[in-house]
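Peer 1: Pasting the sequence and the predicted coordinates here, then a few questions.
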Amino acid sequence: MTDAIRRHFASDNYAGICPEAWEALARANAGHAPGYGEDAWTARAADLIRQVFETDCDVYFVFNGTSANSLALASLGQSYHSVLCHEVAHVETDECGAPEFFSNGMKVLTLAGAGGKVTPAAVEHAVRRRTDVHYPKPRAVSLTQATELGTVYAPDELKAIWATARSLGLRIHMDGARFANAVAELGVAPREITWQAGVDVLCFGGTKNGMAVGEAVVFFDRTLSAEFDYRCKQAGQLASKMRFLAAPWVGMLEGGAWLRNARHANAMAALLEKELRAIPGVKVLQPRQANSVFAELPKPVVRGLQDGGWRFYDFIAWGGSRLMCAWDTREEDVRAFAADLRALLVPTESSVVRP
Ligand SMILES: Cc1ncc(COP(=O)(O)O)c(C=O)c1O
């Protein structure tokens, strides 16, 4: 397979723009429109997001996930507060301290938990272990849905965290860079895993779902969005030609491409998991739930695959190789990868040297 047509497994952000987003961008390109979000595309996109969540939420469009998470978290507390998140959460490991920076110092405190998930017990322990003035006062829990380890929180798990959070006076932020994959996997209405499960603010991912760029910050508790437009502007996240951030949302939400894309990526990951489980010597590290599979592969095999041109990460979270599928991953990509892996692991008859 040549590199020009090969779909890699490194990240869903290796994929291009899906047709629905592309076509909406082309339509938005006609003529002139007011800047800074005063245009019809932005209004329509926000309305569609309100329809998706079946509630009257406040919506802001920003360029990327780091800014969405950081600015959303900053709006939940003061500089002396802290945010609790899983130890492999993107806000902790991959945002270069942006949540602390944009909140003027709100500290991110990490929690352990199986499968990349925060538990009510861990939240409670982190809050109760210190209540004095020397400890950064916990104010929020940040949950990633789907998680960095490709697992998803079921509605009941979210509600249990909410009950604990509520009893401890904590707000809930959700990093939904792969929110669509979680909805597709769980088969629930988006409201069931957001505001009906206590989520105050969601960073709804567009980029990994098939857009060129863009995330939506969705405030279910609208009191928290006060002056959020100023935060966006100050952080360089108020797009001058906002219609080009908003139009892809219209294209993807109107016809349901957001869920189709997520379902497809999840299905490709399920196929990949099945293929990998059938190869002796490959250990799948945990059951796949969204669009990624984590597997332990011998180091020389990782090198062999990479030398053969495959791109994937082997430094994410607790190790193993992360194999991520996207909206445009094809069955033939999955089967080609599995075949190359099998060839490296399982000696063929002809390659076996007989005494
Ligand atoms: C869990 C998670 N959150 C957020 C992001 C978004 O980050 P970025 O700032 O690269 O858009 C990513 C991207 O890898 C992610 O995996």
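Peer 2: Looks like it came in fine. Please read all numbers here as calculations on a predicted model, not as lab measurements.
Peer 1: Tell me how far the residue lying closest to Glu95 once chain neighbours are set aside lies from the ligand.
Peer 2: Excluding its sequence neighbours, the residue lying closest to Glu95 (Cβ to Cβ, 6 or more residues apart in numbering) is Thr66, at 4.6 Å. Backbone N, C-alpha and C define where each C-beta goes, glycine included. Distance, Thr66 to the ligand, by Cβ to the nearest ligand atom, to the nearest Å: 3 Å.
Peer 1: What is the neighbour count of Thr66?
Peer 2: Other residues lying near Thr66 total 20 when counted by other Cβ atoms under 10 Å.
Peer 1: And Ala112, by the same measure?
Peer 2: Using other Cβ under 10 Å, Ala112 is surrounded by 11 other residues.
Peer 1: Now for it: which residues touch it?
Peer 2: His86, Glu87, Ala122 (Cβ atoms under 8 Å, 6 or more residues apart in numbering).
Peer 1: Using CSV, lay out the residues you listed together with secondary structure and neighbour count.
Peer 2: Listed next are the contacts of Ala112 as CSV, based on DSSP: H, G, I helix; E, B strand; the rest coil; neighbours: other Cβ atoms under 10 Å:
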residue, secondary structure, neighbour count
His86, strand, 27
Glu87, coil, 17
Ala122, helix, 20
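Peer 1: can I assume Cys78 sits in a helix?
Peer 2: Just so we're on the same page, residue 78 is Gln rather than Cys. No. Read with DSSP: H, G, I helix; E, B strand; the rest coil, Gln78 is coil and lies in no helix.
Peer 1: Make 10 the first number, not 1, from now on.
Peer 2: Noted, 10 is the first residue going forward, which turns the last one into Gln87.
Peer 1: Which residue does this structure have closest to the ligand?
Peer 2: Of all residues in the chain, Gly74 sits closest to the ligand, at 2.2 Å by Cβ to the nearest ligand atom.
Peer 1: I figured that residue hits Val100, correct?
Peer 2: No. Using Cβ atoms under 8 Å, Gly74 makes no contact with Val100, being 9.3 Å away.
Peer 1: Spit out the residues that contact those two alike.
Peer 2: Jointly contacting Gly74 and Val100 under the rule Cβ under 8 Å, 6+ apart are Asp184.
Peer 1: wait, what's in contact with the residue lying closest to Arg339 once chain neighbours are set aside?
Peer 2: Among residues not flanking Arg339 along the chain, Arg16 sits closest, at 6.3 Å (Cβ to Cβ, 6+ apart). Residues in contact with Arg16 (Cβ under 8 Å, 6+ apart) are Tyr23, Ala24, Ala335, Asp337, Thr338, Arg339, Asp342.
Peer 1: coming back round to it: OK, contacts around the residue nearest to the residue of the chain closest to the ligand when sequence neighbours are not counted?
Peer 2: Closest residue in space to Gly74, ignoring its immediate chain neighbours: Ala186 at 4.8 Å, by Cβ to Cβ, 6+ apart. Ala186 makes contacts with Gly74, His99, Thr153, Cys212, Gly214, Thr216, Lys217, Glu224, as judged by Cβ under 8 Å, 6+ apart.
Peer 1: mind listing which of the residues you listed are in strands?
Peer 2: Counting by DSSP state E, the contacts of Ala186 place Thr153, Cys212, Gly214, Glu224 in strands.
Peer 1: Number of residues surrounding Asp48?
Peer 2: By the measure other Cβ under 10 Å, the count of residues near Asp48 is 20.
Peer 1: I figured it hits Leu254, correct?
Peer 2: No. The pair Asp48 / Leu254 is not scored as a contact, 10.5 Å apart, by Cβ under 8 Å.
Peer 1: which parts of the stretch 10-159 of the chain sit against the ligand?
Peer 2: Asn73, Gly74, Thr75, His99, Thr153, Glu157 (Cβ under 6 Å from any ligand atom).
Peer 1: pretty sure the residue nearest to Arg339 belongs to a helix, no?
Peer 2: No. Going by three-state DSSP, the assignment for Arg16 is coil, not a helix.
Peer 1: Most neighbours among the contacts of Ala186, which one?
Peer 2: Per-residue neighbour counts (other Cβ under 10 Å) across the contacts of Ala186 peak at Glu224, which has 32 neighbours.
Peer 1: quick one: that one and Ala77 touch, right?
Peer 2: Yes. At 4.2 Å, Glu224 and Ala77 qualify as touching, with contact defined as Cβ under 8 Å.
Peer 1: which residues are common contacts for these two?
Peer 2: Overlap of the contact sets of Glu224 and Ala77 (by Cβ under 8 Å, 6+ apart) consists of Val71, Cys212.
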